[in-house]
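A.B. asks: Sharing a sequence plus its predicted fold:
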Amino acid sequence: MAIHQPSTLSEACALLATHNRGSDRDLAPSPLVPIAGGTDLYTHWPQRPDEHAKSYLDLSGIEELRAVRWRNDSLTLGALVTYWRLIQDRTCWSALPMLVQAARQVGAVQIQTRGTWAGNIANASPAADGVPVMMAYDAVVELVSSEGREEIPLADFYQGYKQMRMRPDQLIRSIRIPRRSFLFQRFEKVGSRNAQAITKVGVAIARSGAGWRVVANSVAPTVCRCPTIEALLDDKVTVRGPDDLATALSQDIAPIDDIRSTARYRRRVLARLLYFALRESCSAFE
Amino acid sequence: MKRFEGLEKLTGRTLFIDDLPLENCLWGATVRSPAARGTIRQVRVPNHLEGSGLVLVDHRDLPGPNVVSLITDDWPILAAETVRHRYEPVMLVAAESRAAARRAAAQIEVVVDPLPAALDFRQTPTAEQIQVGDDNVLKQLKIERGEVDEALAAAPIVVEGEYETGAQEHVYLEPQGMAAWLDGEVVVVHGSLQCPYYVESALTRALDLPAERVRVIQAATGGGFGGKEDFPSIVAIHAALLAIKAQRPIKLIYDRGEDMAATTKRHPAWIRHRTGLSEEGQILAHDIEVVLDGGAYVTLSPVVLSRGMIHAAGPYACDHVRIRGRAMMTNSVPFGAFRGFGAPQTLFAIERHMDVIAKQIGVDPVKLRRLNLLTDGQATATGQVIDDGTDRQQVLSRALDLSRFTYKRSQHTAFNAEHAYLRRGIGLACFFHGAGFTGSGERAMKSLLHVAGLADGRVEVLSASTEIGQGTTTIFTQIAADQLRLDPEQILIAQPDTWRVPDNGPTVASRTTMVVGRLIERACDNLRERVGLDAAATGTELQAALVAWHEEHPDEELLGSARYQQPPGIEWDDETYRGDAYSAYGWATYVAEVEVDLRTYTARVIDFVAVQEIGKVLNETLARGQIQGGVVQGIGWALLEECRWQEGGMANHQLTNYIIPTSDDVPSIRVAFLENPYPHGGQGAKGIGELPLDGPAPAIFNAVAAATGVDPRVLPLVPERLMELIEQ
């Protein structure tokens, strides 16, 4: 195992350019796996001896990635900002409360103090809890490499299971979340127990001047927006019960049976969570 | 008295076997079967591993028979020609580091030609699945009393029901682990275990050594729950085999994933009830069938089956009882000892069945139980006349009062009519648990215990009973100090070490405080007599006498001893399964209040009351801790913990996917004791270790049934399963 520990972002980008650039991959030394909090890696470490032989890029020494910047119209999180940092942030409680709600449900305190928002995005788990709330808030991911920077809306970031619009030589530098006034926001997580559980089905709902956002996790190969449901809400279609939502949902999600739950359960529960949450704020819900 | 070793454990200072330094040691790892059943064609050791200094052990290295000594000689130490379950050990390796050993084990390939596996214990095996006898039955038992068929035929009402319970993983905090080394001619094994003498007898047999060349020492043990009753023998033999082959000390420590995949678990069970009743609900006849999944080898299945069956008719009077039971061999991991030992399974069935009966015949579930609860002078299923003076109706009343059962029920009706998606319900279970070994087990074991009077006036208890987190050390100190009128500081508890302590039986079956505690009292009395004092002697007098004795007898050992004596009037017939199955029973009623969320189909326990009569309570903090811990384990078994099987192997063998309760998943657990001292138990105590696991599951299921109107019968009641019931 090799660990590289850059102290600046440009150093990190240079290392990635050497190790991870596509065309000369065969000639280059082994590709680097960037790590921030390391929580996804540590959890599986004993079970996955393959990971022991890899090379890692430890980002924890890059101070410039630690910043939390509140502006009038946005919040910007550096790539090393942890869940804990926002749990402690009073402004976040009032301005973007779903971030705090999701953060408090990720693992235990030990994970919350190490795990990062950017790591949650880059690990690309369909069960990620941070991603749905960021996506419901229209977060934008800022990527950097030695060739420059680019921005991609989080909603467009995933292309398939663990597939991201991100090259191996790119790093997440920051996440920008617009500040808006919200008429409704709700985060629901269903795990197999009340704490320290991986999500079986979850959803983040936000309504602002930009319209409805409904983002679900653990019901598709990636965390996903539910455009059919959003349209139904924007159009104020009458909904008489959870079953009315189930039909629309089937166009938005593709749940599977796995070790944690069943596709049937995920479909039904997501429809019910949505129904009972939205019934409180939508006159079109009976 | 405060728990002795509590603070050290709480602050992480206790050294477990994995933490203890072991000079010049090698690390062991186990190569396991990839298949549920088959013939081993080849064990492929890659060329680069041969001659790399790696130590390899397989069945050909065994000096003795290839058998882990338990009830039946069928459990191989290392599979030779065939395998009967996934993760069955085939080869052992040792290397200079833990990582190197694990890496090497992962590179060794066991090639198995598969054979048809028996994977569902509920189904009659096909001809090609037969591996034991002509029907795969590991053990069959029958309890019969009265004229069951006639009574059922004559009964105005017959209610039938089938119930199922799943496997449960122990999740002791510390996984299995052993160290082994050679001390001259002696093989020493040091590790995490419940029963030092079980390990000793397994080792002497496997290594073909006399007892004086084997020494077993218990290390600080991070929980057992029965999981360190049978299984440590195999880990100990493996570590010893490696140490002998390598001629170096060995550490063989399982990580959580390996432990969950490869070690024993609670027996899954299928139970069918046919109950004859009068119009009012009096039980007239029981016809009960109990089938356990025994897994690949016999381990302790016959005794688990027996205890399960003896408890299967519940704490109720009935003159016509037939209980038939069998344990089936399947190609899954061997199922073994687990807190409750078969009783949680059968008590779940009868106590859920009682509510099913109540609903079917329109009788209040409380009244139904009141009508049938045993009263003194009446007999259990095995014909044991209960006459202990406990007021079992009072146990029930107390639980109803504390939980405000009737009030809550009416409150729930209003709540449920009002709320959009939450449903509340309350349920109860009445049950009992026999303490100590079944039948003639204690008498056959002839437990022996010593207390040593030391030259400095202190007293040391020499016992093979182990501290595994339940408080043995504290209770033993308390009993010895009280008996001899000494300060607790004057009492030492010896580390269980087969070279130092006599065999007073295993630390199992809720027997330690009751049976061994009584031995301590009697050994203390004997010690006092040996120095010429009578029972009136003060502690100061005793200590002076001990010092004086040693001055007169330099370099001699002063021991007080006691050997188990069966309480008078106990009769048991192993052939007919009739008689006094246990010398004492704990009696209990548990009440669970649940809230079901119809959005997520999740049942959450929101209040829990546990009332029990357990003889005398010796240390209320420890006793309450035992009860609360058992209830938490019972909540987990009822609602969360599911072993998901794939080809006989546990697919979810990590704690991320095998779900045990967190502190946020359990309510406050209110514990109350009724005391009725048991004259033959240590300081009047009866056993309590296992009792609290029997009651939570049926109480919770009954509460869910009350909340939702569904009829849940398969445990665990995970949300996916509850959804199917509600949406039917």
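C.D. replies: Yep, it's here. Numbers count the residues shown, from 1 in each chain, chains lettered A, B, ... in the order given.

A.B. asks: Spell out which residues of the stretch 101-250 of chain A are next to chain B.
C.D. replies: Counting by Cβ under 8 Å from any Cβ of the partner chain, the residues of the stretch 101-250 of chain A close to chain B are A:190, A:192-198. In this view, the C-beta of every residue, glycine as well, is placed from N, C-alpha and C.

A.B. asks: Can you flag the buried ones in these?
C.D. replies: A:190, A:192-194, A:196-198 (16 or more other Cβ atoms under 10 Å in any protein chain shown).

A.B. asks: what's the farthest-apart pair in the residues you listed?
C.D. replies: A:190 and A:196 (13.8 Å; Cβ to Cβ).

A.B. asks: shared neighbours of those two, which are they?
C.D. replies: By Cβ atoms under 8 Å, 6 or more residues apart in numbering or on different chains, residue A:190 and residue A:196 have no common neighbours.

A.B. asks: Dump the residues of the stretch 101-250 of chain A next to chain B to a markdown table, plus secondary structure and pLDDT.
C.D. replies: Formatted as a markdown table, those follow (DSSP: H, G, I helix; E, B strand; the rest coil; pLDDT from 0 to 100):
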| residue | secondary structure | pLDDT |
| --- | --- | --- |
| A:190 | strand | 98 |
| A:192 | coil | 96 |
| A:193 | coil | 96 |
| A:194 | coil | 94 |
| A:195 | coil | 93 |
| A:196 | coil | 93 |
| A:197 | coil | 95 |
| A:198 | coil | 95 |
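
A.B. asks: farthest-separated two in the residues you listed?
C.D. replies: The widest separation within those (Cβ to Cβ) is 13.8 Å, between A:190 and A:196.

A.B. asks: what pLDDT does the residue of the stretch 401-550 of chain B found nearest chain A get?
C.D. replies: Chain A sits closest to residue B:421 of the stretch 401-550 of chain B, with a gap of 5.6 Å, by Cβ to the nearest Cβ. pLDDT recorded at residue B:421 is 97.

A.B. asks: right, and it touches residue B:598 too?
C.D. replies: Yes: in this structure, residue B:421 is within contact of residue B:598 by Cβ atoms under 8 Å, at 4.3 Å.

A.B. asks: tell me the contacts of residue B:477?
C.D. replies: With Cβ under 8 Å, 6+ apart, residue B:477 has these contacts: B:1, B:4, B:461, B:488, B:491, B:493.

A.B. asks: What of residue B:341?
C.D. replies: Neighbours of residue B:341 in contact, by Cβ under 8 Å, 6+ apart: B:226, B:300, B:303-304, B:307-308, B:508-509, B:690.

A.B. asks: Just confirm it is within a helix.
C.D. replies: No: per DSSP: H, G, I helix; E, B strand; the rest coil, residue B:341 lies outside any helix segment and is coil.

A.B. asks: how far away is it from residue A:83?
C.D. replies: Per Cβ to Cβ, to the nearest Å, residue B:341 is found 43 Å from residue A:83.

A.B. asks: same question, residue B:302
C.D. replies: 52 Å.

A.B. asks: Have a look at these two and say which one is more surrounded.
C.D. replies: residue A:83 (29 against 20; other Cβ atoms under 10 Å in any protein chain shown).

A.B. asks: who in the stretch 451-600 of chain B is up against chain A?
C.D. replies: B:598-600.

A.B. asks: Between those, which sits nearest residue B:548?
C.D. replies: Out of those, the member with the shortest distance to residue B:548 (by Cβ to Cβ) is residue B:600, at 71.7 Å.

A.B. asks: wait, isn't the closest one in contact with residue B:720?
C.D. replies: No: using Cβ under 8 Å, residue B:600 makes no contact with residue B:720, being 10.5 Å away.

A.B. asks: and the gap between the most centrally placed residue in chain B and residue B:265?
C.D. replies: Among the residues of chain B, the one closest to the centroid is residue B:339, at 2.4 Å (Cα atoms, centre = their mean). Computed as Cβ to Cβ, the residue B:339 to residue B:265 distance reads 12 Å.

A.B. asks: likewise residue B:84?
C.D. replies: Where residue B:265 is concerned, residue B:84 sits at a distance of 16 Å (Cβ to Cβ).

A.B. asks: one step back: could you dump the residues of the stretch 101-250 of chain A next to chain B into TSV and include distance to residue B:375?
C.D. replies: Compiled in TSV, those are given as follows (distance: Cβ to Cβ, whole Å):
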residue	distance to residue B:375
A:190	47
A:192	43
A:193	41
A:194	42
A:195	45
A:196	47
A:197	46
A:198	51
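
A.B. asks: Out of the residues you listed, flag the one nearest to residue A:236.
C.D. replies: residue A:190 (27.1 Å).

A.B. asks: Just the element for residue B:676, please.
C.D. replies: Using DSSP states H and E, residue B:676 sits in no helix or strand.

A.B. asks: no, scratch that, I was asking about residue B:304
C.D. replies: With DSSP H and E as the test, residue B:304 turns up in helix B:301-310.

A.B. asks: ditto for residue B:358
C.D. replies: Counting by DSSP H and E, residue B:358 is part of helix B:343-361.

A.B. asks: Show me what that helix packs onto, helices and strands only.
C.D. replies: strand B:157-165, strand B:269-277, strand B:283-295, helix B:301-310, helix B:365-372, strand B:422-435, helix B:691-694, helix B:696-708 (3 or more Cβ pairs under 8 Å, 6 or more residues apart in numbering or on different chains; DSSP states H and E).

A.B. asks: want to try a markdown table for these, with distance to residue B:551 as columns?
C.D. replies: As requested, the helices and strands packed on helix B:343-361 are exported to a markdown table (distance: least, Cβ to Cβ, whole Å):
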| stretch | distance to residue B:551 |
| --- | --- |
| strand B:157-165 | 61 |
| strand B:269-277 | 60 |
| strand B:283-295 | 58 |
| helix B:301-310 | 49 |
| helix B:365-372 | 63 |
| strand B:422-435 | 42 |
| helix B:691-694 | 48 |
| helix B:696-708 | 56 |
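
A.B. asks: Which stretches in the stretch 101-250 of chain B count as helices?
C.D. replies: B:148-154, B:196-207, B:232-246 (DSSP state H, counting those that start in this stretch).

A.B. asks: Give me the pLDDT for the nearest residue to residue A:226 once chain neighbours are set aside.
C.D. replies: Once flanking residues are discounted, residue A:226 sits nearest to residue A:252: 3.8 Å by Cβ to Cβ, 6 or more residues apart in numbering or on different chains. Confidence at residue A:252, expressed as pLDDT, is 97.
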